[in-house]
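Peer 1: Quick one, structure for this:
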Amino acid sequence: MNMKMKVNTSILKAGFAALAVASMSVCEGGTLTVKFKSAMKVEIDGEVREFASGDTFVPTAIPCIYKMSPVLAEGERTFAIVGNDYIRNDDKIVEPLNCRFPLRNEGNWVRVALDPYPVEDKTVELTAVKATGVYYVDAAKGNDEWDGTADYENRNEELKKGPKKSLQAAHDAATGDYPIVLAASGAYNTGCATNEIDGVKCARRLLVTKNIGFIADNGDGPAFIVGERDPVADGGYGAESVNGVYINTPDNGFSFLQGFTITGCYSSVITDKDGGGFVSNGHRAYCVDCVISNNASKFYSATRNGVFIRTKIYENVSYRKVTRFGVFASCVFAGNRITNTGGVDNNRAFHDSAQVYFCTYDLRAQNTPNGRTHLFVSGSELYASLVYGLTDKTSIVNDLWNDSKAIDNPCFADADVNDYRISVKSPAYNASSYSEDLDGITRSLMTGDIDGTMPVLHEGKISLGAVYSKEWYVNQKDGDDANDGKSSASAKATIKAATDLAFSGDAIYVAPGTYADAEGSQVVSGNVESRVVVPEDVALIGTAGAEETFIVGAAAIGDQIDNEAYRTGTNAVRCVYANNGAVVRGFTLTGGRGVGVGLKNDLHDNMMGAAFFSASPLGATIENCVVSNNAAAVGTICNAVVRRCRVIGNFGVLNDASGAAGYGCNWYGSIIDRNYGNGTMCFPEVVEGCTIGSHNRNLADSDASQVLVWNTDEDKAIVNTAVLGGKYYFGKTGKLYCTNCYVVAGDKGINRIIKEEDYVLQLHSTIVGKSGAFAEVDADCRPILGAVSLIDKGDAAYATENVGDADVLGNQRISNGKMDIGAVEYDWCPTFSSELGKRFDITRVSPSVTTNASGGIAVMDGFVFGTVRSEGPYRVEIDMAGGSAEVYVGDVLAGECSGAGNHSIRFRVSDPAQEIRVEFSSGEGNVTPAIFKAFANARGFILGIR
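Peer 2: Numbers count the residues shown, from 1 in each chain. The predicted model follows:
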């Protein structure tokens with residue numbers, strides 16, 4: 001190796017749990033360095049770090065977005081974070097970007113987008129701008145005679161201290177360079193100011209002439225900026241009309257509007273600078289998380305100029321062009337209409353000379369009354385945008401599309417109600433490259449969609465459009481189904497309330513709890529009722545894992561019970577029904593029931609899958625779950641891909657073909673034991689890295705069950721699997737290839753396969769054990785010391801899919817350099833610790849760490865984590881053939897060395913609870929591992945590395 005190894009300690013501290021990480025390609029280029037010009041707090045990996053003025057910081061997060069706040073005195077508030085950065089276009093600097101707040105202002109915190117892939121090395125100097133004052137406005141309770149320095153709850157009417165009533169009055173009262181106005185919910189339809197455009201006076205509901213920020217406090221509902229139509233003029237455009245917002249920002253300053261709905265605004269006359277909803281004098285006016293809807297003008301009914309981030313532009317009407325100029329990022333355009341009948345200057349629906357990034361257009365309403373299709377845009381640049389409803393694609397002219405596409409069927413969730421989430425099956429899904437074509441600032445800005453959800457990123461790909469998959473949250477204890485479910489703080493109370501909203505590609509995060517009768521039950525045609533129905537391509541995730549999150553079915557009741565012993569019947573409730581592409585992870589599924597009677601040659605869906613039923617063969621996935629105490633005629637888990645699950649103590653009550661654990665599944669890394677039925681795993685397609693315990697039994701006589709059952713002419717295979725007891729059935733002419741497995745033969749030897757032909761079972765690198773011999777596992781199917789048939793006998797080369805980082809119990813999957821046969825990995829950490837003495841407890845190691853024949857442990861490009869027993873000074877003695885070693889106490893580098901020879905690193909441990917990490921990188925050309933040999937007592941220890 002010619003690079004020093006980097007260790008992601010946040011992943012290591014997760015205990016090597018299986019992680020689903022969306023990744024992207026890293027673009028070539030320079031390095032970005034941030035230099036703070038004022039004291040700043042930055043949230044990094046969930047922790048807040050404080051930087052002094054003059055400190056530097058190299059960002060590593062992808063997406064490159066950080067929450068920042070200045071170090072504030074009591075009573076101070078953040079306005080924005082500003083910097084000296086710039087935007088590039090074709091490697092030319094086109095405009096300085098002196099404002100870096102636009103992702104969202106959250107109290108005193110600002111989400112700051114940085115450029116992770118600059119074209120060349122550069123330093124961005126960031127300065128925190130503090131608000132010079134905070135002012136308040138309240139459309140319902142305010143009074144323009146008050147001074148605007150307090151909200152309504154803290155008003156003092158005698159001193160005229162309280163919120164203003166109109167936005168314009170609040171603007172005029174605000175003083176200083178960068179004040180903030182907090183707007184209560186309500187309709188702001190009073191007050192206005194007038195400016196002159198091309199010699200014509202225009203009334204604005206809000207005319208901004210200073211550096212100022214307006215933030216809607218939407219706690220009690222939305223905040224509307226409402227214009228006014230001229231009651232007598234044709235079309236409402238006249239001297240008495242009032243349009244929306246005009247921002248005339250001073251040079252080198254900036255202003256912003258966040259969280260408002262701008263609606264009902266009309267222009268006064270025909271002028272190309274008038275507009276309807278939002279107009280500005282350039283790119284120093286920001287409109288963030290707003291809705292611009294139902295506005296009208298002769299020209300540019302929605303917007304003219306400005307920067308628009310995550311803004312919805314709906315149902316505006318214009319004679320010519322709904323928008324003109326500006327920058328649009330993660331915006332949605334829908335239902336906008338153009339009323340002219342054509343002409344050289346009148347035939348464009350949207351932008352002239354605009355920059356558009358990751359936007360969604362629904363153009364079905366853009367046609368003229370006589371059906372003429374307008375040009376979509378002209379002279380603009382579109383990046384990774386999705387265009388729907390463009391009937392005449394030849395009308396696209398003079399534009400740079402950059403992966404943008406006009407798609408006839410983008411597979412929206414429901415475009416008729418403005419739900420523009422796209423399915424994972426959409427042609428727009430992952431259809432664009434997260435590439436160097438965009439400047440890094442813009443790429444960072446695009447990582448928040450119209451509702452603030454991060455987009456799906458896969459190996460450098462990103463989906464087209466402004467709306468991506470959503471995250472929904474459920475909390476049985478603290479949630480409420482009246483909540484919107486979009487954050488853990490506003491979680492739903494039931495899983496059903498979230499699944500009703502979820503769409504293809506969404507994820508539902510479920511807090512600990514028991515999800516049972518309060519969920520109700522749902523009926524899918526031909527099935528018993530199900531406690532939870534997971535929509536197509538949706539992930540249902542228990543955030544605390546199976547030990548704390550339960551989905552509970554229900555037994556049949558009354559005269560519909562068909563088996564009294566197990567309470568199966570037609571009104572029973574299974575746990576989960578999963579549609580195609582669904583994933584269920586981190587739950588205990590228990591108490592599920594189905595129908596318990598029927599014929600093995602005439603199986604119906606209601607007889608199968610008491611715990612988990614996939615809508616089609618191998619169509620859905622169940623991962624990291626516990627499946628226990630469920631009963632139906634056939635297959636506790638049916639038609640599913642099963643990964644790292646513990647399937648224990650279930651019942652298949654159809655005597656001649658039950659599949660007590662599962663029916664028609666693919667099995668990976670799972671434990672299957674103590675299930676009762678005539679067969680345990682019926683018709684599995686794949687069995688890899690599993691442990692099939694010795695306690696699976698027939699339901700009728702408690703004899704050993706047929707643990708693996710096939711009846712096919714096709715060949716099948718099991719790989720890296722421990723089969724610790726039971727019979728095997730293989731009908732017809734197919735063969736069972738048993739590769740790199742451990743199989744217990746039983747008292748009649750391997751011929752306990754119920755089939756006359758001797759050639760049925762094909763053994764390859766498989767160990768055949770004898771019934772009653774040395775027990776290789778404990779009661780929980782963990783390999784025990786001396787389990788020579790299992791430990792380090794697995795081989796990942798035989799696996800058809802990645803074995804993953806964790807075993808079924810969450811332990812490191814590959815330890816001592818190799819994986820074990822079966823679902824559970826032997827824990828080598830106690831053995832490693834004993835090699836190094838009694839004063840150092842190893843907590844985890846990299847997969848490459850192994851035992852060493854002459855003592856100690858061998859490390860090749862790896863690390864060892866552990867703790868010492870007491871505080872005090874320590875010394876690490878290192879002898880290595882080459883490379884480099886580093887010692888960390890906590891996350892602090894305590895010492896390092898490099899090159900061949902003997903080295904000594906001295907350091908002190910002040911808190912024994914702190915983890916010590918020793919890393920070794922072999923270096924270029926060195927193939928000799930280091931040998932970690934010993935830690936001595938608290939007076940000093942020696943770690944010898946040879």
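
Peer 1: Now do the helices in this structure.
Peer 2: Using DSSP state H, the helices of the chain run over residues 9-12, 167-173, 440-445, 495-499, 829-836.

Peer 1: Same question for stretch 922-941: list its buried residues.
Peer 2: Buried residues in stretch 922-941, counting neighbours by 16 or more other Cβ atoms under 10 Å, are found at Ser922, Gly923, Asn926, Pro929, Ala930, Ile931, Phe932, Lys933, Ala934, Phe935, Ala936, Phe941. Any C-beta I mention is one placed from the backbone N, CA and C, and that applies to glycine too.

Peer 1: Out of the residues you listed, name the ones that lie in strands.
Peer 2: The strands, defined by DSSP state E, take in Ala930, Ile931, Phe932 from these.

Peer 1: Switch the residues you listed over to JSON lines; also include pLDDT and distance to Val788.
Peer 2: Formatted as JSON lines, those follow (pLDDT from 0 to 100; distance: Cβ to Cβ, whole Å):
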{"residue": "Ala930", "pLDDT": "88", "distance to Val788": "28"}
{"residue": "Ile931", "pLDDT": "86", "distance to Val788": "24"}
{"residue": "Phe932", "pLDDT": "84", "distance to Val788": "25"}
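
Peer 1: Could you chop this protein up by domain?
Peer 2: Per automatic domain parsing, the structural domains of the chain span 31-130, 134-432, 512-798, 829-932.

Peer 1: For Ser469, find the nearest of those domains.
Peer 2: For Ser469, the closest of the domains of the chain is domain 134-432, at 6.6 Å, according to Cβ to Cβ.

Peer 1: Quickly name whichever of the ones in strands among the buried residues of stretch 922-941 is closest to Gly558.
Peer 2: Nearest to Gly558 among these is Phe932, at 66.3 Å by Cβ to Cβ.

Peer 1: Settle this for me: that closest one is touching Gly866, isn't it.
Peer 2: No - using Cβ atoms under 8 Å, Phe932 is not in contact with Gly866; the gap is 10.2 Å.

Peer 1: Pull the contacting residues for Leu207.
Peer 2: For Leu207, the contact set (Cβ atoms under 8 Å, 6 or more residues apart in numbering) comprises Gln168, His171, Cys192, Ala193, Thr194, Asn195, Tyr246, Asn248.

Peer 1: How many residues are close by the spatially closest residue to Glu825 that is not a sequence neighbour?
Peer 2: Of all residues not flanking Glu825 in the chain, Asp807 sits nearest, at 4.5 Å (Cβ to Cβ, 6 or more residues apart in numbering). Other residues within reach of Asp807, judged by other Cβ atoms under 10 Å, total 27.

Peer 1: how near is Asp807 to Ile814?
Peer 2: To Ile814, Asp807 is 9 Å away according to Cβ to Cβ, to the nearest Å.

Peer 1: Common neighbours of the two, please.
Peer 2: Taking Cβ under 8 Å, 6+ apart as the contact rule, Asp807 and Ile814 both touch Glu825.

Peer 1: Any stretches of the stretch 401-550 of the chain with poor pLDDT?
Peer 2: The stretch 401-550 of the chain contains residues with pLDDT under 70 at 401-402, 433-462.

Peer 1: Please enumerate the strands of it.
Peer 2: 405-406, 412-414, 419-422, 432-433, 457-458, 461-462, 471-474, 507-510, 513-515, 522-523, 529-534, 539-542, 549-552 (DSSP state E, counting those that start in this stretch).

Peer 1: I'd like to know which of those strands is closest to Asn720.
Peer 2: For the strands of the stretch 401-550 of the chain, the distance to Asn720 is smallest for strand 539-542, at 26.7 Å, taking Cβ to Cβ.

Peer 1: Name every strand pairing with that closest one and say which way it goes.
Peer 2: Strand 539-542 pairs in its sheet with strand 507-510 (parallel), strand 583-585 (parallel), by DSSP bridges.

Peer 1: that older thread, Trp472: which of the domains of the chain is closest?
Peer 2: Comparing the domains of the chain by their distance to Trp472 (Cβ to Cβ), the top pick is domain 512-798, with 9.0 Å.

Peer 1: what's the first-to-last distance across that closest one?
Peer 2: 37 Å (Cα to Cα, to the nearest Å).

Peer 1: So for Glu471, which of the domains of the chain sits nearest?
Peer 2: Comparison of the domains of the chain against Glu471 by Cβ to Cβ identifies domain 512-798 as nearest, at 9.6 Å.

Peer 1: residue contacts, the residue nearest to Glu825?
Peer 2: Arg644, Gly669, Arg813, Ala823, Val824, Glu825.

Peer 1: thought Val597 was touching Asp562?
Peer 2: Yes - with contacts counted by Cβ under 8 Å, Val597 reaches Asp562, the gap being 4.8 Å.

Peer 1: more crowded one of the two?
Peer 2: Asp562 (18 against 13).

Peer 1: The more buried one against Ala555, yeah?
Peer 2: No - Asp562 lies out of contact with Ala555 (Cβ under 8 Å); the separation is 11.4 Å.

Peer 1: what do these two both touch?
Peer 2: The contact sets of Asp562 and Ala555 overlap at Thr568, Gly569 (Cβ under 8 Å, 6+ apart).

Peer 1: between the ones in strands among the buried residues of stretch 922-941, which is closest to Cys638?
Peer 2: Closest approach between these and Cys638, by Cβ to Cβ: Phe932, at 48.7 Å.

Peer 1: okay, and the helix or strand of this protein with the least pLDDT?
Peer 2: helix 9-12 (a mean of 27; mean pLDDT, DSSP states H and E).

Peer 1: Turn the contacts of Asp807 into a markdown table, including neighbour count.
Peer 2: Output for the contacts of Asp807, formatted as a markdown table (neighbours: other Cβ atoms under 10 Å):
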| residue | neighbour count |
| --- | --- |
| Arg644 | 24 |
| Gly669 | 30 |
| Arg813 | 25 |
| Ala823 | 29 |
| Val824 | 25 |
| Glu825 | 29 |
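
Peer 1: Least confident of those residues?
Peer 2: Ranked by pLDDT, those bottom out at Arg813, which has 88.

Peer 1: Check the gap between the nearest residue to that residue once chain neighbours are set aside and Gly822 for me.
Peer 2: In this structure, Arg813 finds its nearest non-sequential neighbour in Asp807, 5.0 Å apart by Cβ to Cβ, 6+ apart. To Gly822, Asp807 is 9 Å away according to Cβ to Cβ.

Peer 1: Take the strands paired with strand 539-542 and write them to JSON lines, including mean neighbour count.
Peer 2: As requested, these are exported to JSON lines (neighbours: other Cβ under 10 Å):
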{"stretch": "strand 507-510", "mean neighbour count": "24"}
{"stretch": "strand 583-585", "mean neighbour count": "24"}
